[in-house]
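Novice: just a sequence and a predicted model for now, questions to come.
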Amino acid sequence: MAAGMSAVEAARRYGVHPNTIGVWKKRYRGMYAGEIFYVRQLEQDNARLKRAVARLTAENVAIRELLAKKFPGLQREKKR
């Protein structure tokens, strides 16, 4: 954002809602461009890993359900 430009002017110029500018300012205040890039990379990696965990968890549940149907006597007690 250019020096002296209000959040409303910046939002209009870049085609985003003024509240979005406020959120960005709050999130990235005091960071340099390289740091912002690094944080965004970490956020993307974190999202990718969360999707991988969700997919693997769903596969695990499906496999356990299939095994429980196929071999009903082999059910283990859940650990708490």
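Specialist: Good, I have the coordinates.
Novice: how far away is residue 30 from residue 12?
Specialist: With distances taken as C-beta to C-beta, to the nearest Å, residue 30 is found 25 Å from residue 12. C-beta here means a position set from N, CA and C on the backbone, and glycine is covered the same way.
Novice: who's more crowded, those two?
Specialist: Set residue 30 next to residue 12 and count neighbours by other C-beta atoms under 10 Å: residue 12 wins out with 12 against 5.
Novice: tell me the spacing between that one and residue 26.
Specialist: 20 Å.
Novice: give me the nearest residue to residue 17, chain neighbours excluded.
Specialist: Nearest-residue entry for residue 17: residue 11, 6.1 Å, with adjacent residues in sequence omitted and distances by C-beta to C-beta, 6 or more residues apart in numbering.
Novice: the one you found and residue 22 touch, don't they?
Specialist: No - checked against C-beta atoms under 8 Å, the pair residue 11 and residue 22 is beyond contact range at 9.2 Å.
Novice: the two: which has the busier surroundings?
Specialist: Neighbour count, other C-beta under 10 Å: between residue 11 and residue 22, residue 11 has more, with 18 against 12.
Novice: can you pull the contacts of the more buried one?
Specialist: Neighbouring residues of residue 11 by C-beta atoms under 8 Å, 6 or more residues apart in numbering: 17-18, 20-21.
Novice: from residue 27, how far off is it?
Specialist: 16 Å.
Novice: one more: residue 33?
Specialist: Taking C-beta to C-beta, one finds residue 33 at 14 Å from residue 27.
Novice: just to revisit the earlier point, buried set for whichever strand or helix holds the residue nearest to residue 17?
Specialist: Here residue 11, judged by DSSP states H and E, is contained in helix 7-14. If you call a residue buried by 16 or more other C-beta atoms under 10 Å, then helix 7-14 has these buried ones: 7, 10-11.
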